[in-house]
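Asks: predicted model follows, preceded by the sequence.
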Amino acid sequence: QAHLDRIAAVDADVHAFLHVNEHALEVAADIDRRRAAGDDLGPLAGVPLAIKDVLVTTDMPSTSGSKILEGYMSPYDATVVARSRAAGLVPLGKTNMDEFAMGSSTEHSAYGPTRNPWDLSRIPGGSGGGSAAAVAAFEAPLALGSDTGGSIRQPAHVTGTVGIKPTYGGVSRYGAIALASSLDQVGPVTRTVLDAGLLHDVIGGHDPHDSTSLAHEWPSFAAAAREGATGEVLKGLKVGVIRELPDSGFQAGVSESFRAALAAMEAQGAEIVEISAPHFEYGVAAYYLILPAEASSNLAKFDSVRFGLRVDVPGGTVEDVMAKTRDAGFGDEVKRRIILGTYALSAGYYDAYYGSAQKVRTLIQQDFADAFSQVDVIATPSAPTTAFKLGEKIDDPLQMYLNDVTTIPANLAGVPGISIPSGLASEDGLPVGIQFLAPAHEDARLYRVGAALE
Ligand code: GLN
């Protein structure tokens, strides 16, 4: 009830939610009854959970921020949603996002933007701005996001929250409306590292419904966070800092906060090691070929027949109906990426664009392998700037894309990443995050390091 009251009080301004669960109190009462009857539901039973609208749910519409799916009801729950329900979490609602998770500001939502609770004239990051804003505004204690190129970590950075992109395959993608299947991962958005660990323990682990889900024995991430909280992990920890990451493009206050966090780690016994990751900076270019290519293929299923919107064309052919529906249902950014993706995949250009991008992806994976032979974690600022103003980058896609420079490499390599708050920028007093990256399967290391710094 407290969270519903908070939503009623602030969400007209913040617009974190696309849908609020009208049955939330009944679900909560049912969990109380089950607990009273002796059901052991685990530590998160009864805790409200905000769910990014990219995740399908049977009891609330799932739109992925698009008009083409307006009002769409899924016949099944995403695995992460089903597991959350089984653990007694209370679905609080569906959160706003850039259409099909394409964007860094949530301004590309077909349902209007979300605003940053720290300053309503600014963006909450994207594509998962709704989940991050809901957590930052105390509308929800926990949220689920998805991260294809930074959509959990960058919103965490600009809203002063914690966001984790798990190892690729660590959390099921079943029921996460696909953006780019080789990059997508679902993960937690929370106010503390321990909260993220508790939620990750609920949603993670092998799922036979997702063919890329890893059959791996994961340790408890909540336990890792509790271990890390003693700070002991920082003693002798080798933290890699990337030599080639350009200082230009980074806001001074973001760089300052980053250096201060490194100094604090050093003071507690960590060793800062300069490493070389020469291909890291080509991540954005490779990503914006690979992602549109996969997205254009994934979005082909919105054909006016199987899902959502259908625009009638009296006397028209199937092709006419499909074209009119896709024209009316998709926003500009989605169309831009479909065009880019189909172009990059087309005969005659495939090798030059998609093929080259895949080679760069391999080189970035090699950079990570080399780096992790020398260090335990890599540290970067989570994003180049603090929250920018609504409207500032909306007409300049390239500027919007450059926001993802530090987050994208982890998706291309499949390694886990965390963004935790590292303070406020000196020039504007807005939140800044520090990102840590670890080798694949080593998500627990990120929980230890993150909790040590909280
Ligand atoms: N900003 C990135 C993009 O627009 C991130 C997307 C994501 O992680 N879903 O593609």
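Replies: Cool, the structure landed.
Asks: contacts only, for residue 299.
Replies: Contact analysis of residue 299 by CB atoms under 8 Å, 6 or more residues apart in numbering lists 100, 330, 334, 338. To be clear about C-beta, it is placed using only N, CA and C from the backbone, and glycine gets the same treatment.
Asks: neighbours around whatever residue of the chain ends up closest to the ligand, how many?
Replies: Going by CB to the nearest ligand atom, the ligand is nearest to residue 151 of the chain, at 2.9 Å. For residue 151, the neighbour count with other CB atoms under 10 Å is 37.
Asks: in contact with it, which residues?
Replies: Residues near residue 151 by CB under 8 Å, 6+ apart: 97-98, 101, 104, 125-128, 145.
Asks: can you show me the CA trace of the helix or strand hosting residue 284 as PDB?
Replies: For residue 284, the host element (DSSP states H and E) is helix 283-298. Extracted C-alpha coordinates of helix 283-298, given in PDB (Å, rounded to 0.1, in the frame of the first residue of the first chain):
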ATOM      1  CA  GLY A 283      32.500  -1.400 -29.500                       C
ATOM      2  CA  VAL A 284      29.900   1.300 -30.300                       C
ATOM      3  CA  ALA A 285      30.500   1.000 -34.100                       C
ATOM      4  CA  ALA A 286      30.300  -2.800 -34.000                       C
ATOM      5  CA  TYR A 287      27.300  -2.800 -31.700                       C
ATOM      6  CA  TYR A 288      25.300  -0.400 -33.900                       C
ATOM      7  CA  LEU A 289      25.700  -2.900 -36.800                       C
ATOM      8  CA  ILE A 290      25.100  -6.100 -34.900                       C
ATOM      9  CA  LEU A 291      22.200  -4.800 -32.900                       C
ATOM     10  CA  PRO A 292      20.200  -3.400 -35.800                       C
ATOM     11  CA  ALA A 293      20.900  -6.600 -37.800                       C
ATOM     12  CA  GLU A 294      19.500  -8.800 -35.000                       C
ATOM     13  CA  ALA A 295      16.700  -6.400 -34.200                       C
ATOM     14  CA  SER A 296      15.500  -6.100 -37.800                       C
ATOM     15  CA  SER A 297      15.200  -9.900 -37.800                       C
ATOM     16  CA  ASN A 298      13.500 -10.100 -34.400                       C
END
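Asks: can the lowest-mean-pLDDT helix or strand in the chain be said to contact the ligand?
Replies: Each helix and strand of the chain was given a mean pLDDT (mean pLDDT, DSSP states H and E); the minimum falls on helix 397-402 at a mean of 89. No: using CB under 6 Å from any ligand atom, helix 397-402 stays clear of the ligand, coming no nearer than 6.8 Å.
Asks: name the helices or strands packed onto that helix?
Replies: Judged by 3 or more CB pairs under 8 Å, 6 or more residues apart in numbering; DSSP states H and E, the packing partners of helix 397-402 are helix 283-298.
Asks: hmm, who's touching the helix it packs on?
Replies: Outside helix 283-298, the residues that touch it by CB under 8 Å, 6+ apart are 100, 102, 148-149, 178-183, 337-338, 340-342, 344-345, 353-354, 356-358, 360-361, 364, 401-402, 404-405, 408-409, 411-412.
Asks: can you list the buried residues in it?
Replies: Within helix 283-298, the residues that qualify as buried are 283-284, 286-298, counting by 16 or more other CB atoms under 10 Å.
Asks: quick revisit: ChimeraX command to pick out the buried ones of the contacts of residue 299?
Replies: Entered in ChimeraX, the line below selects the buried ones among the contacts of residue 299, by 16+ other CB under 10 Å:
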select :100,330,334,338
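Asks: measure residue 86 to residue 34 for me?
Replies: In this view, residue 86 and residue 34 are 11 Å apart by CB to CB, to the nearest Å.
Asks: quick one, which of those two is more surrounded?
Replies: Taking other CB under 10 Å, residue 86 and residue 34 do not tie; residue 34 has more neighbours (15 against 11).
Asks: I figured the more buried one hits residue 40, correct?
Replies: No: if you go by CB atoms under 8 Å, residue 34 and residue 40 don't touch, sitting 9.5 Å apart.
Asks: list the contacts for the residue nearest the centre of the chain?
Replies: Against the mean C-alpha coordinate of the chain, by CA atoms, centre = their mean, the closest residue is residue 152 at 2.4 Å. When contacts are counted by CB under 8 Å, 6+ apart, residue 152 touches 128, 131, 145-146, 163-165, 187-189, 419.
Asks: quick check, nearest of the contacts of residue 299 to residue 441?
Replies: Using CB to CB, residue 100 comes nearest to residue 441 of those, at 28.8 Å.
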